[in-house]
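Sequence first, predicted coordinates after that:
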Amino acid sequence: MCLAIPGKVEEITTEGGLRVGRVNFGGVVKRVCLDYVPELVVGDYTIVHVGFALSKIDEETAQKTLADFREMGVLDEELGTEEEAFARAAAQPQSACPDGSCSN
Amino acid sequence: MAEKVKTGSPAVQKDAPDFSNWSCPLPLADYSTIVMGHGGGGKLGNELVEHLFLPAFRNPALENLGDAAVLDLPAGRVAMSTDSFVVQPLFFPGGSIGELAVNGTVNDLSVSGAEPKFLSASFILEEGFPLAQLAAIVGDMAKAAATAGVQIVTGDTKVVERGHGDGCYINTAGIGVLRPGIQVGPHRAQAGDAILVSGTIGDHGMAIMSVREGLEFESQIRSDCAALNGLIAEVLEEVGGAVHAMRDPTRGGLASTLNEIAQSSGVGVEIDEPSLPVRPEVQAACELLGLDPVYVANEGKAVFFVAPEAAERVLEVLHGHALGREAARIGRVTGAHPRMLVARTAMGANRVIPTQIGEQLPRIC
Amino acid sequence: MKYLTEFRNGEIAQRMAREIHQITTRPWKIMEVCGGQTHSIIKNGIDQMLPAGIEMIHGPGCPVCVTPLELIDKALAIAAQPGVIFCSFGDMLRVPGTEGDLFQVKGAGGDVRVVYSPLDAVDLALKNPDKQVVFFGVGFETTAPANAMSVHVAKRRGLKNFSMLVSHVLVPPAIEAILSAPGNLVQGFLLAGHVCSVMGYWEYPPLAQKYKIPMVVTGFEPLDLLDGIRRTVMQLEAGRHEVENAYERIVTREGNLPAQKLLGEVFEVTDRAWRGIGVIPLSGWRLNAEYRDFDAEERFHISGIHTQESPLCRSGDVLRGAIKPAECPAFGKQCTPRHPLGATMVSSEGACAAYFNYGRFLSAEELAGAGSGMTGASRG
């Protein structure tokens, strides 16, 4: 249920009534059904599971996530006590809606 | 209805042989496919030998056409190896069953410390198998033998009924002469040994996957099928007895080979995962199918266990050879965790890499 | 590979792990539901990087493991029939039925084929009109859209020789079953990122509220897993129990609407038996009346199956997180990957196989000894 990998859409055609793309995964190209992600255009990145695109990868979000990850722990190296570290971590922006109805 | 005979993929089929200049084109040219008679030892079988195998493999021992090849060997110890080749499809990106059949046995002899000299080649062909494909396979074998500097000196052909084979199976056996002063074996690895691999792993297995029905994908991945005797000769020339063990990691991949040596020698093997050389497209194909490159077959790579002080020189020799440009030091032998292969992951954690049970299968989870 | 390799950066991973160490003041038990996440955690050694107090419990998110034994037996019976091409994902090939597995059926002459996508099976049906092509439709919500589309295409093309053996299971009922079980020890959940890419995560806040359990939508690469764990621990330490999305580049709250639409047209909810757990009401999908013609169970009336689980197998307890694989008396003895008693030992992501293969049965000292003194090997 899980093995889905990111690939870049290189070409979109129709085959047998399905919207099909040639998707490039780091040099390996596979035909993928794109019907579930109609907004995909050539050049987009998408996550693919058993030959089906399931979601477009939001590149801006991806870059931001990576930037956040790179930041993590960098300050700690100069830091003080565990309490201070916990206080800092706990002060990270938290979800404003307890029912989780907004995304983080 | 007759069952379809497994034949090579049309996309990589070689050109049909030119029968016109063969001294006796009939009745060979009458048959474009193998028939039962070709295995019968009679006229048809002889035709195959005279007009296909002999011209391709051309050498004096073969031309005598005795029941056995009579060979001159230098005094000393002799190594012998055999392997059967049943790969499907018969032709794949970067090679064919013919090249595998020659290089596989050449490599088995080479990693045993022997200089390969003579090969036998036995064919089991399925009734209906296209002669043009057989000719292409035989041509590949001839080329591979010439490149490796070995001679195919004896052989056999049998034909099985349609539906009872996969088109073409090949068995090769080989004889090589052991170099004096060289003693290598899977049981000879010692704590402290450096472990080197001659190049990228997983190329062959993923090249086969790329054309396997149900799993195909487009890529530039080609089989690494190659004869390693030249490369190994140079390594042994340079450091001699400092090489304790060598293996070519074929079926089951690097992991199986390292596990075998760990178990044979009763030592622990540690590798550093980030240092394993893997081509990006091979890595990508493995990600796509959920496979681990350490378990994927190679057909043109060698693993060396060498005394640590010789490791740098071996690496230099490897890098200087066309087949060893991407050689890398990947780990070492330790006294800890005997008979187990442990890898340090990119995360800095450790994981045990066990021998696989059976073939590695693509997964979705 | 873009958007994959960057999330495997070892240096960043170690810093994130250090952060988790710094914020953890108490022991916590966190469950990852998805088998793919289990596989990644163990293969990368993520659990080794966590502070001693954090225990990762490997949940029942392995569709291979939870496929009922009876259905495996039906698959074996169908695959053994002449004139059938039985297609499956590779994961299912070595799952043991009562007697043997698909690999053995193949060995005995059955036409069993591994495919990458269910659409490949539809292609096979088109190319082999004289054979019955059956696809083993196993999976969670991630795989269901692919299976739904394949059946939909088969119906649209009027194929008479294609059918699907369906065993779809759903995550939210499984989570509820775990949380509502007496003696539940799980305090936080990593939600399956790819399941959520299809279904969204709007179903979880009521569960998080009801059981007061934090849940974080998490990806599969080391950095994603560490981030999911970090956020879960932060919530636990602060006494919060919300649903968070740590896989924002792929997952939205509402999920994939076109996929959900077709799922609604092809499948209907049904009770499902989970191997090792028992029946969880309304926890699965089957083909609905419109598509019932393509149901392999209906097309092949398999009778005379005597399904029998090994009495030694404790897959169910492992799947529920009640015991660790090494605590099962048969682990490593009567039950090994070579001779598996249950699916958790045979599936590559089954907790028992993962433990066995990745050496978790080694004592902590033995494994620590393996890493000490190992310098980064030079490339030379």
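Done, it's in. Numbers count the residues shown, from 1 in each chain, chains lettered A, B, ... in the order given.

Going by C-alpha atoms from here, please, whenever you check contacts or count neighbours.
Noted.

Dump the helix or strand harbouring C:Ile42 to CSV, keeping only the CA atoms.
Taking DSSP states H and E as the criterion, C:Ile42 maps to helix C:35-44. The C-alpha coordinates for helix C:35-44 follow below in CSV (Å, rounded to 0.1, in the frame of the first residue of the first chain):
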residue,chain,number,x,y,z
GLY,C,35,4.0,-1.9,6.4
GLY,C,36,6.0,0.2,3.9
GLN,C,37,6.9,2.5,6.8
THR,C,38,7.9,-0.5,8.9
HIS,C,39,10.2,-1.7,6.2
SER,C,40,11.8,1.7,5.9
ILE,C,41,12.2,2.2,9.6
ILE,C,42,13.9,-1.1,10.0
LYS,C,43,15.9,-1.0,6.8
ASN,C,44,17.3,2.4,7.6
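
and that helix, what other elements does it pack with?
The helices and strands touching helix C:35-44, judged by 3 or more CA pairs under 8 Å, 6 or more residues apart in numbering or on different chains; DSSP states H and E, are strand B:350-352, strand C:54-61, helix C:222-238, helix C:351-357.

which strands and helices sit next to the first one?
For strand B:350-352, the helices and strands in contact under the criterion 3+ CA pairs under 8 Å, 6+ apart are strand B:341-344, helix C:35-44, helix C:364-371.

Export the helix or strand just after the helix holding C:Ile42 to PDB, keeping only CA atoms.
Toward the C-terminus, helix C:35-44 is succeeded by helix C:46-49 as the next helix or strand (DSSP H and E). Taking Å, rounded to 0.1, in the frame of the first residue of the first chain, the C-alpha atoms of helix C:46-49 are listed here in PDB:
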ATOM      1  CA  ILE C  46      15.500   4.600  12.300                       C
ATOM      2  CA  ASP C  47      14.400   2.800  15.400                       C
ATOM      3  CA  GLN C  48      18.000   2.600  16.400                       C
ATOM      4  CA  MET C  49      18.300   6.300  16.200                       C
END
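
Could you point out the longest helix of chain A?
When chain A is parsed with DSSP state H, its longest helix is helix A:59-71.

check whether it contacts chain C.
Yes: judged by CA under 8 Å from any CA of the partner chain, helix A:59-71 and chain C are in contact via A:59-62, A:65-66, A:69-70.

ok, of those residues, which come out buried?
Buried positions within these, assessed by neighbour count (16 or more other CA atoms under 10 Å in any protein chain shown), are A:62, A:65-66, A:69-70.

now those in a markdown table, with distance to B:Ala245 and pLDDT?
Formatted as a markdown table, those follow (distance: CA to CA, whole Å; pLDDT from 0 to 100):
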| residue | distance to B:Ala245 | pLDDT |
| --- | --- | --- |
| A:Ala62 | 46 | 96 |
| A:Thr65 | 46 | 95 |
| A:Leu66 | 43 | 94 |
| A:Phe69 | 43 | 93 |
| A:Arg70 | 43 | 91 |
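
Helices along chain B, start to end?
Under the criterion DSSP H, helices of chain B are mapped to B:43-48, B:54-57, B:60-63, B:97-110, B:131-148, B:203-209, B:229-239, B:253-265, B:280-289, B:311-319.

quick one: A:Val74 and C:Arg8, what's the gap?
Applying CA to CA, to the nearest Å, the value for A:Val74 to C:Arg8 is 17 Å.

Equivalent analysis for B:Ser210, please.
Computed as CA to CA, the B:Ser210 to C:Arg8 distance reads 26 Å.

Sketch out the low-pLDDT regions of chain B for me.
By pLDDT under 70, the weakly predicted segments of chain B are B:1-30.

Pick out the residue nearest the middle of it.
Most central residue of chain B, judged by C-alpha distance to the mean C-alpha position with CA atoms, centre = their mean, is B:Gly104 at 3.0 Å.

about what we covered before: show me which of A:Val74 and C:Arg8 is the more surrounded one.
Set side by side, A:Val74 and C:Arg8 give different neighbour counts by other CA atoms under 10 Å in any protein chain shown, the larger being at C:Arg8 (18 against 14).

how near is the more buried one to chain A?
When CA to the nearest CA, to the nearest Å is applied, the distance between C:Arg8 and chain A equals 11 Å.
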